[in-house]
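Colleague: need coordinates for the following:
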Amino acid sequence: MFHKLIKTILILSFSAPAFSDTVHLTSLTWPPYSGKTLNEQGASVAVAKAAFKAMGHELKVDFFPWSRAVKHASQPDSKYAGYFPEYYYESNEFSFSNPMGKGPLGLIENKKKPIVWSAVKDLTQYKIGVVQDYVNTAEVDALIASGEIKAQTATSDETNIRKVAGGRIDAAVIDTNVFSYLLANSKDLEKAQEQVQMNAKLLTEKELFVAFKKSTEGQQWLAIYNEGLKKIDITAVMKKYLNK
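Modeller: Below is the predicted model of the structure:
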């Protein structure tokens, strides 16, 4: 009887997922999607935590400037399995999860000098601001790489908002939700509220992902996370957070 009990305990200990198993990811301050001081650490973090919790695991997120967040996640000896939220791109280092939500990507412009465009190629006539190491759209990034779009790189969305407000650039690529959040919550942008607006035409609706390292552990967490996403209502979690 005693031996049967021990055998049962051993079987359960190896077959049942341990809630104490913790996955570590990096992220950036990109409200309302992610940020250390945000409620639930942001909408995307809320989705990721819910997905891992549904699989019996806990997510811990450390926040860094974007370039460092990606670098830390890519290091083979780091504790991080990946980083997020990210747009999809071809990568030799990372595998992307199933989509974990969407973000509307567009252009901000100066109210006194709105830009006019119908195709992305039309943007070549303007000075366009982008954030360092951010993925934009494939077409925009290709035109920037070729030099056809005169891009100016900044370290943050806030900087680009100020540059558009001051007339130093014609427009800047930004997520609509990020733009709305920053204008509503950043004291440094109070003056800009009367000077900038979203251009009426969106570039695209960009899906958001977690980028997992192409390591054995990273791929294990990727599989767990994708299963967790199936168990939650991603749209409901995002809407609940963004409507607060």
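Colleague: can you tell me how far V45 sits from I115?
Modeller: Look at V45 and I115: by Cβ to Cβ, to the nearest Å, they are 33 Å apart. Heads up, the C-betas are built off the backbone N, CA and C, glycines and all.
Colleague: check K102 too.
Modeller: Distance, K102 to I115, by Cβ to Cβ: 24 Å.
Colleague: still on that earlier bit, please say which of V45 and I115 ends up with more neighbours.
Modeller: Each of V45 and I115 has its neighbours counted (other Cβ atoms under 10 Å); V45 has more, 24 against 17.
Colleague: check which helix or strand covers the more buried one.
Modeller: helix 43-54 (DSSP states H and E).
Colleague: how about R68?
Modeller: helix 66-74.
Colleague: which residues touch that helix?
Modeller: The contact list for helix 66-74, computed with Cβ atoms under 8 Å, 6 or more residues apart in numbering, reads 25-28, 30, 62-64, 78, 80-83, 93-94, 131-134, 211, 213.
Colleague: give me the buried subset of these.
Modeller: When the contacts of helix 66-74 are checked for burial by 16 or more other Cβ atoms under 10 Å, the buried set is 25-28, 30, 62-64, 80-83, 94, 131, 134, 211, 213.
Colleague: domains of this structure?
Modeller: 22-101+208-242, 103-205 (automatic domain parsing).
Colleague: want to throw those domains into TSV with mean pLDDT?
Modeller: Compiled in TSV, these are given as follows (pLDDT from 0 to 100):
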stretch	mean pLDDT
domain 22-101+208-242	96
domain 103-205	97
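Colleague: what is the strand or helix carrying L182 packed up against?
Modeller: Secondary structure from DSSP H and E places L182 in helix 176-185. Counting contacts by 3 or more Cβ pairs under 8 Å, 6 or more residues apart in numbering; DSSP states H and E, helix 176-185 packs against strand 102-110, helix 157-165, strand 196-198.
Colleague: save those as CSV, and put in mean neighbour count and distance to F52 too.
Modeller: Putting the helices and strands packed on helix 176-185 into CSV (neighbours: other Cβ atoms under 10 Å; distance: least, Cβ to Cβ, whole Å) gives the following:
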stretch, mean neighbour count, distance to F52
strand 102-110, 21, 20
helix 157-165, 22, 27
strand 196-198, 18, 33
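Colleague: those into TSV, with extra columns for distance to A171?
Modeller: Shown next, in TSV, are those (distance: least, Cβ to Cβ, whole Å):
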stretch	distance to A171
strand 102-110	4
helix 157-165	6
strand 196-198	10
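Colleague: indicate which one of the ones you listed is closest to V237.
Modeller: strand 102-110 (12.5 Å; Cβ to Cβ).
Colleague: give me the angle between that closest one and helix 43-54.
Modeller: Orientation of strand 102-110 against helix 43-54 (axes from the mean of the first three to the mean of the last three Cα atoms, to 10 degrees) gives an angle of 170 degrees.
Colleague: which SSE is immediately downstream of strand 102-110?
Modeller: Moving toward the C-terminus from strand 102-110, the next element (DSSP H and E) is strand 127-131.
Colleague: returning to what we had before: strand partners of the helix or strand just after the helix holding V45, parallel vs antiparallel please.
Modeller: Next in sequence after helix 43-54, counting helices and strands by DSSP H and E, comes strand 58-63. Strand 58-63 sits in its sheet next to strand 22-27 (parallel), going by DSSP bridges.
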